[in-house]
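*Asks:* Would you be able to build a 3D model of this:
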Amino acid sequence: MKLGLQLGYWGAQPPANAPELVAAAEAAGYDAVFTAESWGSDAYTPLAWWGSATERLRLGTSVVQLSARTPTATAMASLTLDHLSGGRHILGLGVSGPQVVEGWYGQPFAKPLARTREYVDIVRKVLDRKEPVTSDGPHYPMPYTGEGASGLGKPLKPITHPLRADIPIWLGAEGPKNVALTAEIADGWLAIYYSPRLAPMYNKWLDEGFARPGARRTREDFEIAATCQVIVTDDRAATLAAQKPIMALYIGGMGAPELNFHAQVYRRMGYDAVVDEVTELFRSGRKDAAAEAIPDEMVTETMIVGNRDEVRDGLRRWEDAGVTMLLVACRDADHVRSLADVVLG
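*Replies:* Take a look at the predicted model:
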C-alpha cells in the first residue's frame, strides 16, 4: 500500500504549512503529493511551487477540471511540469459537476463521458507528438471551423518535446459508466468515497472497461488511489462525530439536490433514507442536525478510524479490495509521520 498526501484546494487563504507537510511526506516515504482545484486556487501553480523542493515524490493533480482548460492547455501544463520534475508528474482529471462547469466556467456540462474520452485522446496526441494534433470533435474540434472561425487554423505539434509520451493519466470517477471508462482509457482511478465492502461492484465496473477492445491497461498495472481518512485514535466515537459535519456538506450541500454525485455514491451503499434526511436538513439550514443524522457505520464505510491494531486491520481490508494507494489529508508534519509509521512501517 502506497501513501499519497492530498493537499487539496485552498480555502479563503493559502495553507500556511504546506511546504512542511510536503517535506515530511518525502522524508517519510510517501509515494506522491496531490493538489486540487474548485473555484478558487488552481491545481498546477501550488503543485509546481511546492514540488520544486522535492526530489522523489510524484507530483499529481487530484483533480484538474476538464472545463477549466482546453485539452491542449492541460497537455502543455502537464508536459511542462513533467520536464521540471524529471518525469514525476501524474495528470489527474475530472469533469466536476454542472453547478461548477456551467456556473463558474460557463461551459455546457452535457455528455461528460464523451467529453472525457475526447479530452484524454487529445492530451495523449499532444504528448505523443507523432503528428500535428487534430480532432473531429464534436466537443473539442481541432482546428476549430465553427461559427466565427477565420478559416486560418492549422494543426500543430507542441514546440516542446515531452519528456514522456506516457505521462500517467488518472481519472476521478464515481459512477459505473465513468469507472468503466476510466479502466478503458486511463492509467489509474482516483476514487472518492471508496468503500471496500463494495469492491465486487467496483470490480465489475472496472472489468467492463478492461475488457473493451483497445483498453490501455490491465488490472495488474492499473492504479487505484482512494481518498481515505486514516485516523489513529483511542477515542473513536469523538473522532467519528468530528467527521460528520464534512460528510453532511458533501452529501447534502454539494451539487444540486437532483444531481449530487457524492450523494449518489452513498445511495449505492444502501443509505438512501439517510441521504434524503441529510439533504433535507442541510438545505433547510439545519446543518448540525444533518451531521447528527449520519450513523457511525456510514462514516467508517469510507474511512479507517481506530486504535493502531484496528487501523492495521482496516488497511488490510482496503488493500485486499484492490486499492494501491491511500490519499490522505494531514494537519501537520507529525500527522504525516505518524500515518507513515502505521501504513508503511
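*Asks:* Please name the residues that touch the residue positioned nearest the centre of the chain.
*Replies:* Centroid check for the chain by CA atoms, centre = their mean gives S62 as the closest residue, at 3.8 Å. By CB atoms under 8 Å, 6 or more residues apart in numbering, the contact set of S62 is 4, 6, 34-36, 92, 170, 172, 190, 225, 327. Where you see a C-beta, it was placed from the backbone N, CA and C, and this is true even at glycine.
*Asks:* 10 Å instead, please
*Replies:* Residues near S62 by CB atoms under 10 Å, 6 or more residues apart in numbering: 4, 6-9, 32-37, 43, 47, 90-94, 170, 172, 190, 192, 225, 227, 327.
*Asks:* so of the residues you listed, which ones are in strands?
*Replies:* 4, 6-8, 32-35, 90-94, 170, 172, 190, 225, 227, 327 (DSSP state E).
*Asks:* Show the contacting residues for A12.
*Replies:* So A12 contacts G40 (CB under 10 Å, 6+ apart).
*Asks:* Can you get me a residue count around V179?
*Replies:* Neighbour count for V179, taken as other CB atoms under 10 Å: 22.
*Asks:* Over to the one 4 residues further on?
*Replies:* Under the neighbour criterion other CB under 10 Å, A183 is assigned a count of 28.
*Asks:* what distance separates the strand or helix carrying it from the centre of its chain?
*Replies:* Using DSSP states H and E, A183 sits in helix 176-185. Centroid separation between helix 176-185 and its chain, computed with CA atoms, centre = their mean, to the nearest Å, is 14 Å.
*Asks:* swap in stretch 102-110?
*Replies:* Distance, stretch centre to chain centre, for stretch 102-110: 19 Å (CA atoms, centre = their mean).
*Asks:* Equivalent analysis for stretch 262-276, please.
*Replies:* On CA atoms, centre = their mean, the centre of stretch 262-276 falls 20 Å from that of its chain.
*Asks:* Show me the shaky parts of the stretch 151-300 of the chain.
*Replies:* 255-258 (pLDDT under 70).
*Asks:* Just the helices from it, written as ranges.
*Replies:* Using DSSP state H, counting those that start in this stretch, the helices of the stretch 151-300 of the chain run over 176-185, 199-210, 236-248, 261-268, 272-283, 287-292, 296-300.
*Asks:* mind checking which of these is nearest V311?
*Replies:* Checking these against V311 by CB to CB gives helix 236-248 as the closest, at 10.5 Å.
*Asks:* What's the mean pLDDT across stretch 110-124?
*Replies:* Averaged across stretch 110-124, pLDDT comes to 97.
*Asks:* which non-adjacent residue is nearest the residue nearest to the centre of the chain?
*Replies:* Computed as CB to CB, 6 or more residues apart in numbering, the closest residue to S62 that is not its neighbour in sequence is F34, at 3.9 Å.
*Asks:* Likewise for Q107?
*Replies:* S67 (4.4 Å).
*Asks:* My understanding was that that neighbour contacts Y105; is that so?
*Replies:* Yes. Between S67 and Y105 there is a contact under CB atoms under 10 Å: 4.1 Å.
*Asks:* In terms of neighbours, single out the busier of the two.
*Replies:* The residue with more neighbours, out of S67 and Y105, is S67; 20 against 16, by other CB under 10 Å.
*Asks:* Shouldn't that one be within a helix?
*Replies:* Yes. S67 sits within a helix when classified using DSSP: H, G, I helix; E, B strand; the rest coil.
*Asks:* rewinding a little: point out the most buried one among the helices of the stretch 151-300 of the chain.
*Replies:* Neighbour counts (mean count of other CB atoms under 10 Å) averaged over each of these peak at helix 176-185, with a mean of 21.
*Asks:* list the helices and strands it packs on?
*Replies:* Contact analysis of helix 176-185 by 3 or more CB pairs under 10 Å, 6 or more residues apart in numbering; DSSP states H and E lists helix 112-128, strand 169-172, strand 188-191, helix 199-210 as its packing neighbours.
*Asks:* Could you dump those into a markdown table and include distance to D320?
*Replies:* Formatted as a markdown table, the helices and strands packed on helix 176-185 follow (distance: least, CB to CB, whole Å):
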| stretch | distance to D320 |
| --- | --- |
| helix 112-128 | 29 |
| strand 169-172 | 21 |
| strand 188-191 | 15 |
| helix 199-210 | 8 |
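*Asks:* Can you tell me which of the ones you listed is nearest to G314?
*Replies:* That would be helix 199-210 among the helices and strands packed on helix 176-185, by CB to CB, at 13.7 Å.
*Asks:* which outside residues touch that closest one?
*Replies:* For helix 199-210, the surrounding residues in contact (CB under 10 Å, 6+ apart) are 173, 175-186, 189, 191, 194-196, 215-220, 222, 224, 226, 268-269, 317-318, 320-323.
*Asks:* Quick one: distance of it to the chain centre.
*Replies:* On the basis of CA atoms, centre = their mean, helix 199-210 is displaced by 18 Å from the centre of the chain it belongs to.
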